[in-house]
Structures are given as C-alpha cells and as structure tokens.
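>>> Okay, here's the prediction I keep looking at, along with the sequence it came from:
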Amino acid sequence: MFYRGLHCSVCQRQLAEFDKRLNDLRDVDVGRVMAVTAESAERSQEVVGRRRLGELPMAPCIEAAWRVCLSFARVRLLPEKATR
C-alpha cells in the first residue's frame, strides 16, 4: 500500500490497521503486503514508533516507491495521430 507520510494521520491509522490484520490477509492468500512512501527512512521509522507497527514491511524513499510504481504500471500507447 502507498501512504503519504508522517504528516498524514489517516495514513498512520490505516498502516496500524494493516499491521494488525496481516495474519488475516495471509489466511486468505493475499500475497506480500508492504507500506511504500516517498519519505525518508528516518520519517518512516518515526511512523513505526508512533503507531507501534510490528510486522508491516516498510519501503521508504523515493527510489523504492518509484520501483514499486513501475513494477505495477501498465503503459498504454497512444496512436501516432490522435483523432478527434
């Protein structure tokens, strides 16, 4: 899942809920779940501390967020000449 960052209280609550329910997700065969943000590792660790996150893997930094975005992206090619 993507989260906006330390400044977003809604995101922090959502992260805590995902952290609590990771086993439930695994029980229904949901693959790997991780929290991805463009924030720094330091700010991500502050979220982990504030919300006492235990098992939810964090992928901080713009590079990690970009790699995850690219891995899920689907590129739609437009025709050379767009018709109106």
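Done, it's in. Numbering: from 1, shown residues only.
>>> Could you give the number of residues near residue 33?
15 (other C-beta atoms under 10 Å). Heads up, the C-betas are built off the backbone N, CA and C, glycines and all.
>>> check contacts around it.
Residues in contact with residue 33, defined by C-beta atoms under 8 Å, 6 or more residues apart in numbering, are 1, 18, 22, 25, 56-57.
>>> And it, how close does it get to residue 25?
Look at residue 33 and residue 25: by C-beta to C-beta, to the nearest Å, they are 6 Å apart.
>>> Any regions of the protein where pLDDT drops low?
When residues are selected by pLDDT under 70, those of the chain lie in 62-84.
>>> where along it do the helices fall?
Ranges of helices in the chain, per DSSP state H, are 9-20, 22-27, 41-51, 62-72.
>>> re earlier: tabulate the contacts of residue 33 (TSV), appending neighbour count and distance to residue 47.
Listed next are the contacts of residue 33 as TSV, based on neighbours: other C-beta atoms under 10 Å; distance: C-beta to C-beta, whole Å:
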residue	neighbour count	distance to residue 47
1	12	13
18	19	12
22	15	16
25	13	19
56	20	10
57	11	13
